[in-house]
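Chemist: Predicted model follows, preceded by the sequence.
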Amino acid sequence: MSPDGSERLHPLEAAQLPQDMIQQATTMLPDGLVAVGPNLAVEMVNLRAEQILGMKAEDLVGHPTSEVFDLRDSAGREYWKELDPWRALTIVSGHRELLLLAPNGRQILVTARYLRAGPKRSVQGVLLGLRGAEQRLRAEADQAALISTVAHELRAPLSGVHGFSSAMLRHWDELTDSQKQLMVRTIETDAGRVTRLITELLEVARIDSGRQQAHPLPIPASEAIEGTIRRIEATGFDLSAITVSIAPDAEVLHADPDGLDRILTNLLDNAVRHGDPPIEISVTRDESHHVIRVADHGPGIPEAMWHMAFARFWRGGRGGTGLGLYVVKGLAEAHNGTVEIGSSAGGGALLTVSLPVQSG
């Protein structure tokens, strides 16, 4: 009963839109939609469903569903024989997304909603929602690529930590002090690589979920850059190949401390790994932004690839995880800033990050 005492109609009974209007509305849906009637025949197919199935509506409508929909699961079982909604329990309202295989070899994600005239009534029809599985498969491929990349990047430093720590435990008394110091420094460096990779993965997760935030504080530019350079020193890079230039009016940046550290680390790591010395770091300021530039004299990145360089997993034929510049872009945007790529005066890569100047 409705609040005014009149009998409330079930949505199926209340919906009396003209058939042509319903048909036009379904063509606007981004997902495929198929309606199956009580006689087990297809009653309606929208345009997106035709595209997903690779079949025309006239070849589907009016035909028995089991004949035109030869969908099977990964075990080869026929979807309609397994589904059999007309014999389902009255409390069953449909099923969640299933990955099925069509006769043409396409993988399709299918959901079902059972239509009943009321609670505990028999099924009068079935609405099928169809989606192409390409996007899901790409996401799974990306996830597999991430796992493979992470495993590869973790294996080398962890092998070093394990090897040197085992050697120290077994041969401590036989090692000289200089050998012990070398092993400890190597362990520290490798452990730092693992820590940075884990931090990078956490940043990627926050960026992907839209949870990346920045809490800007005043930070001396020289201190932030020097801290980054000291970590690069642990890799054995010649620090004399790095030059730093900070404009007098750009001495104090306004940025999230951890976020700025990740930005500088990834920019400098990118220049050290993939560029050639000298590497030039500069910080300037215009009316509204602090501008951080990192330039190298390596082969650079082809202009045709600039728009792809900040994509996740993009490596351009180079090593690494392909996540560094993706993280830089996400962190810059969390600051309401930007990041751009170009060519340096020496022909290498030029990465430019602009962060807003704090008002007031």
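Modeler: Received the coordinates, thanks. It should be emphasised that the depicted structure is a prediction, and the values quoted were computed from it without experimental measurement. Numbers count the residues shown, from 1 in each chain.
Chemist: Show me which parts of the longest helix belonging to the chain are buried, residue by residue.
Modeler: Criterion DSSP state H: the longest helix present in the chain is helix 134-171. Of the residues in helix 134-171, those buried under the neighbour-count criterion (16 or more other C-beta atoms under 10 Å) are 146, 149-150, 153, 157, 160-161, 164. All C-beta atoms are positioned from the backbone trio N, CA, C, and that covers glycine.
Chemist: Beyond that helix, next helix or strand please.
Modeler: Later in the chain than helix 134-171, the nearest helix or strand by DSSP states H and E is helix 177-208.
Chemist: tilt between that following helix and helix 134-171?
Modeler: Relative orientation of helix 177-208 with respect to helix 134-171: 160 degrees, computed using axes from the mean of the first three to the mean of the last three C-alpha atoms, to 10 degrees.
Chemist: which other helices and strands contact helix 177-208?
Modeler: For helix 177-208, the contact count by 3 or more C-beta pairs under 8 Å, 6 or more residues apart in numbering; DSSP states H and E identifies helix 134-171, helix 257-274, helix 324-334 as packing neighbours.
Chemist: Make TSV out of those helices and add distance to residue 306 and mean pLDDT.
Modeler: Written out in TSV, the entries for those read as follows (distance: least, C-beta to C-beta, whole Å; pLDDT from 0 to 100):
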stretch	distance to residue 306	mean pLDDT
helix 134-171	22	82
helix 257-274	14	91
helix 324-334	11	92
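Chemist: Point out where the stretch 151-300 of the chain drops to low pLDDT.
Modeler: In the predicted model of the stretch 151-300 of the chain, residues 234 satisfy pLDDT under 70.
Chemist: and if we set it to 90?
Modeler: Counting by pLDDT under 90, the stretch 151-300 of the chain shows low-confidence ranges at 151-158, 160, 185-186, 188-213, 230-241, 269-270, 272-276, 287, 298-300.
Chemist: next helix or strand past the host helix or strand of residue 229?
Modeler: Here residue 229 is covered by helix 221-233, with elements defined by DSSP H and E. On the C-terminal side of helix 221-233, the nearest following helix or strand under DSSP H and E is strand 242-246.
Chemist: Switch the helices and strands packed on helix 177-208 over to a markdown table; also include distance to residue 307.
Modeler: Written out in a markdown table, the entries for the helices and strands packed on helix 177-208 read as follows (distance: least, C-beta to C-beta, whole Å):
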| stretch | distance to residue 307 |
| --- | --- |
| helix 134-171 | 19 |
| helix 257-274 | 17 |
| helix 324-334 | 12 |
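Chemist: Select, out of these, the one closest to residue 224.
Modeler: For the helices and strands packed on helix 177-208, the distance to residue 224 is smallest for helix 257-274, at 5.7 Å, taking C-beta to C-beta.
Chemist: can you tell me which residue is nearest the centre of this structure?
Modeler: The centroid of the chain falls nearest to residue 208 when counting by C-alpha atoms, centre = their mean (5.1 Å).
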